[in-house]
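Peer 1: okay, here's the prediction I keep looking at, along with the sequence it came from:
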4 protein chains.
Amino acid sequence: MLVAETKIRVRYGETDQMGYAYYGVYAQYYEVGRVEAIRQLGFSYKDVEEKGILLPVSEFSVNYKKPAFYDDELTIKTIIKEKVTGVRIPFEYEVYNQKNELLNTGKVTLICVDKKTNKPCKLPIWFDNALASFF
Amino acid sequence: MLVAETKIRVRYGETDQMGYAYYGVYAQYYEVGRVEAIRQLGFSYKDVEEKGILLPVSEFSVNYKKPAFYDDELTIKTIIKEKVTGVRIPFEYEVYNQKNELLNTGKVTLICVDKKTNKPCKLPIWFDNALASFF
Amino acid sequence: MLVAETKIRVRYGETDQMGYAYYGVYAQYYEVGRVEAIRQLGFSYKDVEEKGILLPVSEFSVNYKKPAFYDDELTIKTIIKEKVTGVRIPFEYEVYNQKNELLNTGKVTLICVDKKTNKPCKLPIWFDNALASFF
Amino acid sequence: MLVAETKIRVRYGETDQMGYAYYGVYAQYYEVGRVEAIRQLGFSYKDVEEKGILLPVSEFSVNYKKPAFYDDELTIKTIIKEKVTGVRIPFEYEVYNQKNELLNTGKVTLICVDKKTNKPCKLPIWFDNALASFF
């Protein structure tokens, strides 16, 4: 299992007039969590793109339990639960506030795409090996 | 059934370095679609808040099939399929580009909250009646 | 003089907890105004990039007089006041709400960059000619 | 003089199709810098609002020299150069990347507003005193 924890503070511009962190902002928060999870593999998401692999999102979902507020310090917990076999990488999420309350859970599935052909492809060996060491 | 169609043009600031409309931007696009769907009921989402009802999001999901690109003119199709009975209002989405290709489908569930008590509540009569006329 | 008027409705996700349209959102609104101003020249900003010209921003300023609120329908007035001679294109802005109140004024200066060399360059002939017809 | 330095990593969703951090994202980056500058005074911007003071932006400008790219780690340097006397607080900015290159400079002027009257007001004593200790 691969687990990464990232801290993010809610920006003023991310709140809405209800006083909540806007429901759409979690797409960015989950992205930041994902990037830090990948960094644990020994390379960055930037490296991945530079090596000719794009990882667009194929599925995204959030289940909201409680809102986050301005200046809250959130913990984004990003988890890859199982060994990746096909062209998809599923990330699961839990977001907590500074009182350790669970605010939402979610899921993002990335799809591995070859930049040259623009077609889905299997994870390259170097990615697959780095990931395998966690399972 | 309540169906609303809204046109949105992809802004430059909404693209990412892949050249796609960022996956998180659909939260805003769906919100705009929702607001126009509600306007068909004879009042605005703004009116709803002013009458003491908040409608935070409890669930949000997107299933991405194709990306949108800068300056694409998208059609956001927003649908309420069934009569609302409890405290939740489920909206379904289909997003098409100007070539009429289906880019993604999704779902957003709002939860009706009383602003004073900050607790979930049934839809107020005036909302429920307006909605009922579509089913 | 080149003048373009564009309507933009303030999205919920663009408000902040003060209930105002977030001060940073005008970067996007001005961009949309700019894009519509360029469309009057007979081509789109997308065409410009495809022809090998990038137009990054070199200066951006806003002078805020009154806030915009959720669901306000704004008019973005975009103006090129003088014939462009060098590598820079200066756009001036006025933003009005539906009551015709002036909310803010601003300025964005674009710099013409050759995509291949990544260096500033003079406006290409086809751009310059299209623009000249307004002065 | 009050100086605060804040680190911000460029998110993927903040890039545009030129591959740059979108020019409008600095409104948020400057806001984060401002919030950390205020925290040095012994209270948070959140406290300020809770004590009945709003600080909307009256002027905002950025002078762009070089772009930031995805995953760059930026240093936002926020400076209040002079003792505040009237109803306005001027913040100056310098943004550097991890190679210590100056990417842009800017300025944001906040205006002190009494939440109850919604009118400009002088800085409250507790704010003024905390600030004075830096000059």
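Peer 2: Received it, and whenever you're ready, just let me know what you need.
Peer 1: ok, now how distant is the closest residue to residue A:18 other than its chain neighbours from chain C?
Peer 2: In this structure, residue A:18 finds its nearest non-sequential neighbour in residue B:54, 5.9 Å apart by CB to CB, 6 or more residues apart in numbering or on different chains. For every residue, glycine as well, the C-beta is placed using N, CA and C. Distance, residue B:54 to chain C, by CB to the nearest CB, to the nearest Å: 11 Å.
Peer 1: I figured residue B:54 hits residue B:117, correct?
Peer 2: No. Residue B:54 lies out of contact with residue B:117 (CB atoms under 8 Å); the separation is 10.8 Å.
Peer 1: give me the most central residue, chain A.
Peer 2: Ranked by distance to the mean C-alpha position of chain A (CA atoms, centre = their mean), the top residue is residue A:34 at 2.9 Å.
Peer 1: what residues does chain A put near chain C?
Peer 2: Neighbours of chain C within chain A, by CB under 8 Å from any CB of the partner chain: A:12-13, A:15-19, A:22, A:24, A:70.
Peer 1: got a ChimeraX select line for the buried ones in these?
Peer 2: This is the ChimeraX syntax for the buried subset of those, where burial follows 16 or more other CB atoms under 10 Å in any protein chain shown:
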select /A:12,13,15,16,17,18,22,24,70
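Peer 1: so which of the residues of chain A next to chain C is the closest to chain B?
Peer 2: residue A:24 (2.6 Å; CB to the nearest CB).
Peer 1: which stretches of chain A form helices?
Peer 2: A:26-39, A:45-50, A:125-132 (DSSP state H).
Peer 1: ok, back up a step: who's more crowded, residue B:54 and residue B:117?
Peer 2: Set residue B:54 next to residue B:117 and count neighbours by other CB atoms under 10 Å in any protein chain shown: residue B:54 wins out with 17 against 9.
Peer 1: so that one versus residue A:68, what's the distance?
Peer 2: Applying CB to CB, to the nearest Å, the value for residue B:54 to residue A:68 is 16 Å.
Peer 1: if I look at the residue nearest to the centre of chain A, how far off is residue A:64?
Peer 2: From residue A:34 to residue A:64 the distance is 19 Å (CB to CB).
Peer 1: residues contacting the nearest residue to residue A:27 once chain neighbours are set aside?
Peer 2: Among residues not flanking residue A:27 along the chain, residue B:24 sits closest, at 2.6 Å (CB to CB, 6+ apart). Residues in contact with residue B:24, defined by CB atoms under 8 Å, 6 or more residues apart in numbering or on different chains, are A:24-28, A:31, A:60, D:13.
Peer 1: got it, and residue A:62?
Peer 2: By CB under 8 Å, 6+ apart, the residues touching residue A:62 are A:23, A:26, A:93, A:104-106, B:59-61.
Peer 1: try it again with 10 Å
Peer 2: Counting by CB atoms under 10 Å, 6 or more residues apart in numbering or on different chains, residue A:62 touches A:23-24, A:26-27, A:29-30, A:93, A:95, A:103-108, B:27, B:57-62, B:108.
Peer 1: tell me which of the helices of chain A sits most buried.
Peer 2: Greatest average neighbour count among the helices of chain A goes to helix A:26-39 (a mean of 23), per mean count of other CB atoms under 10 Å in any protein chain shown.
Peer 1: farthest from the middle of chain A: give me that residue.
Peer 2: Outermost in chain A, CA atoms, centre = their mean: residue A:17 at 26.4 Å.
Peer 1: identify each buried residue in stretch A:64-73, please.
Peer 2: If you call a residue buried by 16+ other CB under 10 Å, then stretch A:64-73 has these buried ones: A:64, A:67-68, A:70-72.
Peer 1: just those that are near chain B?
Peer 2: Filtering those for neighbours of chain B using CB under 10 Å from any CB of the partner chain leaves A:64, A:67.
Peer 1: for chain B, state which of the buried residues of stretch A:64-73 is nearest.
Peer 2: Looking across the buried residues of stretch A:64-73 and measuring by CB to the nearest CB, the closest to chain B is residue A:64, at 5.3 Å.
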